[in-house]
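Engineer: below: sequence and its predicted model.
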Amino acid sequence: MIILSDEKEDRSGAYLSLKIEDVMIREVITLDENATVKKAAEIMNRFEIGSLIIVGKRKAVGIVTERDLLKRVIAQARDANTTKVKEIMTTPLVVAEPEMDLEKAVRQMFQMKIKKLPVVDGKKLVGLVSLTDIARFHPAMMKLLKQLAVNQAAPKSIKKVIDYYVV
């Protein structure tokens with residue numbers, strides 16, 4: 001598990017005091033690492049969500065996204081009925097703490113090329129925040145995303161969010 005740091009850094013421009021806990025989704029749907037990919041897809045369809053946090057031994061160990069299903073199951077013609085989610089999940093899991101500054105989280109998500117960030121308090125999963133949630137939530141975050149995209153090439157998956165939400 002990789003825990004994003006909230007160490008202070010020099011900032012230029014206005015500073016936002018929003019924290020991850022201010023925008024995170026608190027009801028996170030999880031699935032056991034030994035469940036099948038078919039079960040994961042069924043749950044994602046039922047709840048109309050694009051990812052699941054995968055747990056093993058009572059702690060978050062990975063994430064399965066729609067992209068994982070496309071790249072590691074469908075594109076490889078794997079059997080969804082027999083393939084376990086632990087075989088296709090993205091790991092190590094990158095997480096943050098609820099008190100982390102939202103601006104810092106956006107910068108680190110951009111740098112690490114991730115769009116979804118599980119939130120843990122100690123070792124307990126307490127929420128999930130996505131780049132889309134942040135972009136919809138606060139106009140200042142859209143400005144930050146635009147600045148980051150101008151200064152460095154945005155990963156394809158993040159560029160889609162920027163193109164859609166950042167005007």
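Structural biologist: Okay, I see it.
Engineer: list the residues that contact the residue nearest the centre of the chain.
Structural biologist: Centroid check for the chain by C-alpha atoms, centre = their mean gives Lys116 as the closest residue, at 1.0 Å. By C-beta atoms under 8 Å, 6 or more residues apart in numbering, the contact set of Lys116 is 50-51, 63, 65, 128-131. Heads up, the C-betas are built off the backbone N, CA and C, glycines and all.
Engineer: now swap in Arg78 and tell me
Structural biologist: So Arg78 contacts 37, 72, 88 (C-beta under 8 Å, 6+ apart).
Engineer: and the pLDDT for the residue nearest to the centre of the chain?
Structural biologist: Model confidence at Lys116, given as pLDDT, is 93.
Engineer: which strand residues bridge it?
Structural biologist: The partner list for Lys116 in beta bridges (DSSP bridges) reads Ser130.
Engineer: if I look at it, how far off is Arg78?
Structural biologist: Going from Lys116 to Arg78 by C-beta to C-beta, to the nearest Å gives 22 Å.
Engineer: repeat for Ala96
Structural biologist: According to C-beta to C-beta, Ala96 stands 31 Å off from Arg78.
Engineer: picking that back up, now which of the contacts of Lys116 would you call buried?
Structural biologist: When neighbours are counted using 16 or more other C-beta atoms under 10 Å, the contacts of Lys116 contain these buried positions: 51, 63, 65, 128-131.
Engineer: is it possible to get JSON lines of those that adds pLDDT and distance to Ala41?
Structural biologist: Below are the buried ones among the contacts of Lys116 laid out as JSON lines (pLDDT from 0 to 100; distance: C-beta to C-beta, whole Å):
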{"residue": "Ser51", "pLDDT": "95", "distance to Ala41": "12"}
{"residue": "Ile63", "pLDDT": "97", "distance to Ala41": "15"}
{"residue": "Thr65", "pLDDT": "95", "distance to Ala41": "12"}
{"residue": "Leu128", "pLDDT": "96", "distance to Ala41": "19"}
{"residue": "Val129", "pLDDT": "94", "distance to Ala41": "23"}
{"residue": "Ser130", "pLDDT": "91", "distance to Ala41": "19"}
{"residue": "Leu131", "pLDDT": "86", "distance to Ala41": "23"}
